[in-house]
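S.K.: fold the following for me, if possible:
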Amino acid sequence: MPTEIQPHIQLTKKIKAKYALLPGDPKRVDKVTQYLNDVEELAYNREYKSIMGYYKNIPILVVSTGIGGPSTGIAVEELSSIGVTTLIRIGSSGALQDDIHLGDLLIATGAIRDEGTSNAYIESSFPAIATHNLVSAISDVSTRKNIPYHTGIIRSHDSFYTDHEEHIDDYWSDKGVLGSDMETSTLYVLGALRGLQTASILNVVVPSKGNLQSGINDLVGGESLPAQGEQNQILVALEAIASIHNKS
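M.R.: Residues are numbered from 1 along each chain as shown. The predicted structure follows:
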């Protein structure tokens, strides 16, 4: 029924938005509002904060997912249930390559499934890949606006604080992996299983071999390069949605 409320995101089919941005941090939801018109606050339950607004007359839903695969999986499932068909993650990442700098964007064409949520759905041989037309639109917008970006594979994982993080990072860096987060592979696998279009734009907040705690604290504190990257990823995501919407 249209009035049935999804238990975690607390939204219903009355929203009628096909496009959603998925920041991890609820505070990033507020930062998207400056790019939208006619913004309406919808719900805030647990880690799921949501607003609705319009970008170039296109309805845009913004819902935070919290940290990690489990809460992201819940958001994807419940958004799919209310009719959302296109989801773009706007998150943060640590870089795994020396030529990737603070504030650069990583456009994840695929993700290593080094987390548990997607594996609860389907065997690990199933790939976690983005929707091609979304990646293409995001790349085109970034190029047009002279925003520094890198496309390729990232690694999604479950913990920042294992006893061998440096070894793990070195291993995947040697394989050419661009960076790491905790949510993208879950988004991609569930998106494929539910027939959704998905992409992930990650703002680099920790350089390769940099200090995790310092990088995240700098983002929270509004340091210039990570803050600019955050603004860039929001704008790129919205412009990419406008591009694919106008072609549909």
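S.K.: switch to C-alpha atoms for all contacts and neighbour counts from now on
M.R.: OK.
S.K.: list the contacts of the closest residue to Y48 other than its chain neighbours.
M.R.: Distances taken as Cα to Cα, 6 or more residues apart in numbering place S64 nearest to Y48, at 5.0 Å, with adjacent residues excluded. Contacts for S64 (Cα atoms under 8 Å, 6 or more residues apart in numbering) come out as L22, P23, G24, D25, P26, R28, V29, E47, Y48, K49, S50.
S.K.: in helices, which of these appear?
M.R.: Taking DSSP state H, the ones among these that sit in helices are P26, R28, V29.
S.K.: quick check: the last one vs M52, distance?
M.R.: Taking Cα to Cα, to the nearest Å as the criterion, V29 is separated from M52 by 10 Å.
S.K.: contact partners of the longest helix anywhere in the chain?
M.R.: Longest helix in the chain by number of residues, with DSSP H as the criterion: helix 224-247. Applying Cα under 8 Å, 6+ apart, the contact partners of helix 224-247 are 19, 21, 32, 35, 55-56, 58, 88, 90, 102-105, 133-134, 137-138, 141-142, 147, 201-205, 218-219.
S.K.: for this structure, just list every one of the helices.
M.R.: Using DSSP H, the helices of the chain run over residues 26-32, 69-81, 117-121, 132-144, 165-174, 184-194, 212-221, 224-247.
S.K.: re the thing from before, what do V29 and M52 both touch?
M.R.: Listed as contacting both V29 and M52 by Cα under 8 Å, 6+ apart are V62.
S.K.: low-confidence ranges in the protein?
M.R.: Scanning the chain for pLDDT under 70 picks out 1-2, 210-223.
S.K.: center of the protein, which residue is that?
M.R.: Nearest to the mean C-alpha position of the chain, counting by Cα atoms, centre = their mean, stands R89 at 1.8 Å.
S.K.: quick check: that residue touching P23?
M.R.: Yes - look at R89 against P23 with Cα atoms under 8 Å: they come within range, at 5.8 Å.
S.K.: what sits in contact with each of these two?
M.R.: Contacts common to R89 and P23, judged by Cα under 8 Å, 6+ apart, are absent.
S.K.: circling back to that earlier point, closest to G94 among the contacts of S64?
M.R.: Comparing the contacts of S64 against G94 with Cα to Cα picks out G24 as the nearest, at 14.5 Å.
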